[in-house]
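Q: mind looking at a prediction? Sequence and model below.
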Amino acid sequence: MTDIEPGTDGRLERAILELLDARSPDASICPSDAARAVYEGADDGWRTLMEPARRAARRLVAAGEVEITQGGRPVEPATARGPIRIRRARPRT
């Protein structure tokens, strides 16, 4: 676990939801979008927020807010390896 400023976890969760709100209902984002939105520097320091952004996405999955996808299909957050996308949770059919 990396040292991040207090409150960053909540800011990442809010950034994920706000970024999704600004897109079409079917759109997805990359965790890097949230990391860049929260990072306050002009360099590539946002990269240190990538794993915290993925953790924020996993918390939002547990809350039923979003889904983590790979190849356009929902995946279990605990088993997802490699690049992921985040989208609003869709009703189960």
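A: Nice, thanks for sending it over.
Q: which stretches of the chain have low pLDDT?
A: Using pLDDT under 70 as the threshold, the predicted model of the chain has low-confidence ranges 1-4, 93.
Q: do a quick rundown of the helices in it.
A: Secondary structure of the chain (DSSP state H): helices at 8-21, 31-38, 50-62.
Q: which strands or helices does the last one pack on?
A: The criterion is 3 or more C-beta pairs under 8 Å, 6 or more residues apart in numbering; DSSP states H and E, and the helices and strands that helix 50-62 contacts are helix 8-21, helix 31-38, strand 66-70. Glycine gets a C-beta too; all of them are placed from N, C-alpha and C.
Q: next, format the ones you listed as a markdown table and append mean neighbour count.
A: Listed next are the helices and strands packed on helix 50-62 as a markdown table, based on neighbours: other C-beta atoms under 10 Å:
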| stretch | mean neighbour count |
| --- | --- |
| helix 8-21 | 18 |
| helix 31-38 | 22 |
| strand 66-70 | 20 |
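Q: now the ones you listed in CSV, with distance to residue 78?
A: Formatted as CSV, the helices and strands packed on helix 50-62 follow (distance: least, C-beta to C-beta, whole Å):
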stretch, distance to residue 78
helix 8-21, 18
helix 31-38, 16
strand 66-70, 10
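Q: nearest to residue 60, out of these?
A: strand 66-70 (4.4 Å; C-beta to C-beta).
Q: just checking: what are the partner strands of that closest one?
A: Using DSSP bridges, strand 66-70 pairs in its sheet with strand 73-74 (antiparallel), strand 85-88 (antiparallel).
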